[in-house]
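Chemist: One predicted model, sequence on top.
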Amino acid sequence: MIGICAQPAQAALVSPNLSMPRTPEVALRRSVPVVNAKLKEAVDALEEAQYLFRIPQRKPFGAMAIKAEDVRTSLSGDEDAALSGCLPERKDACKLILADLDKQLSTLVDALSARAVDRADVALYNSLELVSNLAQEEAPGLPFEVPQKFRDMPRLVGRARVRLVMKDSKTKPIELTLDGYAAPLTAGRMVYRMSNGAFDGVPLKKTAVALTAVAKRAPPPPPPSEILATEDGAEGEVPAPPPPARRGGNSLPPLPVEILCRGEFEPRYKSTIDVQEGDIPGLPLSVYGALAVPSDARTPGYSDDNSFFFYLFDPQDAGLGGASFDEGQYSVFGYVTDGADSIRSLGDGAVIQRVEVLNGLDKLVVP
């Protein structure tokens, strides 16, 4: 494995209130581009309510209840605006999401008014998830253009769901969500390679901080042939010199490091970030089961797309801000969203029998 280590070099020694998602669900929810202004207002209000809810003592229940009621009134009072970005064929599905959201917001208002902490916590979480689902229905794809110099690469303009089936039948399959909203090139490359069997049958290498899958070496495609005349005038085929091969039989262009920072419109390419300076990645590494691509030690600013790893984040090894010492150094492209217990049980040498792309291939753009 290239470049994965737990070293206390550039620690994320920032405020303990570092605003970074702590679970796959929250990280993926926040990465969805919200293009509908009314939904954006709802997301901002509910995120603020969630922040207030984390206050350990003297929670401002009244202020949070007012915010939740304002969101409910705004969305239910102008359904057309709330659903303005839904595709015609998805309108009915969007209406159902909006109806469920209205119920959860009503429950949230009642729970906050009654100071029922546990009930309010569940309703607030469900409300945020439903707003995110609605925003994803309305998202047209990427809200930014991939730089021209990278448009010859596969890219994921949405999300894909992938299942890893392990060779040991006792191990529950592991489901991954690959996020093209924050990392279109990295997620696209991984979906492309996974769908072509690059990681079928490969063993995992385990260290203290990661489980890494290295693509099997695929035979290079047959070289094109040139038709040349032999000495006696007959035509014969002479293989043309093959192009320089990349490791693992991978002929795709080199993959740049790709990190979208929270609050920024598009990813940064070919550079890492420094969380100590206040940069917060949209898809943080500091989540157990984060999916990332190692650095290519031979080419600074690029990732080694012949492998990916599961990050085994341990909060006890984090900096004061709760972030990993490796935060901001790798391209994160998704998370384990089902089967985290399987990840914990896997040892060195565990074999991925096959990788199945369950959905999202329609979001994969291959030039």
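Modeler: Thanks, I have it.

Chemist: what comes up buried for stretch 35-49?
Modeler: Neighbour-count burial for stretch 35-49, with 16 or more other C-beta atoms under 10 Å as criterion, is recorded at Asn36, Lys38, Leu39, Ala42, Val43, Ala45, Leu46, Glu47, Ala49. Glycine gets a C-beta too; all of them are placed from N, C-alpha and C.

Chemist: Make sure the third one is actually in contact with Asn133.
Modeler: No: at 10.6 Å, Leu39 and Asn133 do not qualify as touching, with contact defined as C-beta atoms under 8 Å.

Chemist: Phi first, then psi, for Arg163.
Modeler: Backbone geometry at Arg163, expressed as degrees, to the nearest 10, gives phi -120, psi 130.

Chemist: and which of the buried residues of stretch 35-49 is nearest to Val146?
Modeler: Relative to Val146, the closest of the buried residues of stretch 35-49 is Asn36; by C-beta to C-beta it sits at 23.0 Å.

Chemist: okay but the closest one is in contact with Glu138, surely?
Modeler: Yes: counting by C-beta under 8 Å, Glu138 is a contact partner of Asn36 at 5.3 Å.

Chemist: Mutual contacts of those two, please.
Modeler: With C-beta atoms under 8 Å, 6 or more residues apart in numbering applied, the overlap between the contact sets of Asn36 and Glu138 consists of Ser84, Gly85.

Chemist: Could you check how many residues crowd around the residue nearest to Val332 when sequence neighbours are not counted?
Modeler: If the residues on either side of it in the chain are set aside, Val332 comes closest to Leu283, at 4.1 Å by C-beta to C-beta, 6 or more residues apart in numbering. Here the number of neighbours of Leu283 (other C-beta atoms under 10 Å) works out to 30.

Chemist: Leu283 against Ala183, yeah?
Modeler: Yes: look at Leu283 against Ala183 with C-beta under 8 Å: they come within range, at 6.4 Å.

Chemist: joint contacts of those two?
Modeler: Residues touching both Leu283 and Ala183 (C-beta under 8 Å, 6+ apart): Leu260, Val332, Phe333, Gly334.

Chemist: Now these in CSV, please, with extra columns for distance to Asp78 and secondary structure.
Modeler: As requested, the shared contacts of Leu283 and Ala183 are exported to CSV (distance: C-beta to C-beta, whole Å; DSSP: H, G, I helix; E, B strand; the rest coil):
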residue, distance to Asp78, secondary structure
Leu260, 31, coil
Val332, 36, strand
Phe333, 36, strand
Gly334, 34, strand
